[in-house]
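**Student:** structure of the sequence below:
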Amino acid sequence: MKFRALITETPAMRDFMNITLSLSKFSKECVMRITSRRVYFIISEEESGPRRPLVWCELPVNFYFKEYNVVGVNEQYNEIYLEFSTILLARSLSMLKQDVKTFKIKLTNKESPCLTLEIELVAGETNRQVVHDIPVEVISRKHWSDYEEPRFTDFHVTIHMPNLKALKNIVERMKIMSHSLTVSATKIGRLTLKISTNIVTLSAHFPDLSVESFAVGQIPTLNNCDDEAEEVVCSTIDIKKMLMFLSGLQFNSCRTVCSIVHEKMVKLHLEQPGALTIQIFLTELSI
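**Tutor:** Numbers count the residues shown, from 1 in each chain. The predicted model follows:
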């Protein structure tokens, strides 16, 4: 197996760095899936039992890399799966904040498999090279099915989200009072974030949002939602994970939508056309 990639454009380096910093907020470990057309970062729920997706990130090769070469397991399965520390990757890539000429990523074997990062820094009239080796575990093909792309088609509502910075400020304050957050949406385009404790009930409403789809007449009995006058889809999730999404994923010119399976799941989908797709899967919280 071989992998080598080169980034020379500063905006692409900065985006790549910001993505890894965001991923490090969700988990200490992640899986990098390397294919001929896309690079994927996959984070699973940190729990025992079958793996459940938490974060699914896709990066198109053509946007980021000037040079790119991958030789996978064989011609039929031309892919590589690597597991490593997101924290080590984020720390290493913090060097990209400086004046960088080139950034190379390679799969190497230095007594054990490593993801080797070679960063060429511009220092006056001379350049200097910084090398970081991140230990990786190569995942065998028999375990690839644990990291398949999650596909859900049973969402009851898909609604565009308001400004993420405004949401972040609100959720930060709610987190002080509650560990859970109820996210609800209506077919007329109102998104509501709500916390409820023995002391206080607090809601933030965002009206007049664009609704992509709504399963009219298919919503189950509304046990946990307040508004009985109209159909409301809601799910109660871990407020910390919602805040991770809002704090970590601040990118410009992104389209962000929220999809909800009533009382089961909230999926947050962020897309920068041609450059980035991130999906966050937040399952219903057992209270």
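**Student:** beyond the helix or strand bottoming out on mean pLDDT in the chain, next helix or strand please.
**Tutor:** Comparing helices and strands within the chain by mean pLDDT, DSSP states H and E singles out helix 239-248 as the least confident, with a mean of 86. Remark: after helix 239-248, the chain's next helix or strand is strand 255-261, criterion DSSP states H and E.
**Student:** any idea of the mean pLDDT for that next one?
**Tutor:** What strand 255-261 shows for mean pLDDT is 93.
**Student:** then stretch 108-127?
**Tutor:** Taken as a whole, stretch 108-127 has a mean pLDDT of 90.
**Student:** contacts for that stretch?
**Tutor:** 32, 82, 84, 89, 92-93, 95-96, 98-107, 128-138 (Cβ atoms under 8 Å, 6 or more residues apart in numbering). No exception for glycine: its C-beta is placed from N, CA and C like everyone else's.
**Student:** buried set for that stretch?
**Tutor:** By neighbour count with 16 or more other Cβ atoms under 10 Å, stretch 108-127 contains the buried residues 113-117, 119, 121.
**Student:** what's the closest of the residues you listed to Glu58?
**Tutor:** Distances from Glu58 to the buried residues of stretch 108-127, taken as Cβ to Cβ, are shortest for Leu115 (18.5 Å).
**Student:** who does that closest one bridge with?
**Tutor:** Applying DSSP bridges to Leu115 gives these bridge partners: Leu107, Ile134.
**Student:** kindly report the same for Ser180.
**Tutor:** Here Ser180 shows beta-bridge partners Asp238, assigned using DSSP bridges.
**Student:** again, but for Ile34
**Tutor:** Here Ile34 sits in beta bridges with Val39, Ile80, going by DSSP bridges.
**Student:** surely it is in contact with Ile80?
**Tutor:** Yes - applying Cβ atoms under 8 Å, one finds Ile34 in contact with Ile80, separated by 4.4 Å.
**Student:** which neighbours do these two share?
**Tutor:** In terms of Cβ under 8 Å, 6+ apart, Ile34 and Ile80 are both contacted by the residues 3, 70, 72.
**Student:** burial of the second one, as a residue count?
**Tutor:** Neighbourhood size, Val70 [other Cβ atoms under 10 Å]: 19.
**Student:** now swap in the one 4 residues further on and tell me
**Tutor:** A total of 10 residues lie near Asn74 under the criterion other Cβ under 10 Å.
**Student:** may I have the secondary structure class of it?
**Tutor:** On the three-state scheme (DSSP: H, G, I helix; E, B strand; the rest coil), Asn74 is labelled coil.
**Student:** for Cys254, see how far away it is.
**Tutor:** From Asn74 over to Cys254 the distance is 37 Å, taken as Cβ to Cβ, to the nearest Å.
**Student:** strands along the stretch 51-200 of the chain, start to end?
**Tutor:** 53-60, 67-71, 80-85, 100-110, 112-123, 126-135, 137-138, 157-160, 180-186, 191-196 (DSSP state E, counting those that start in this stretch).
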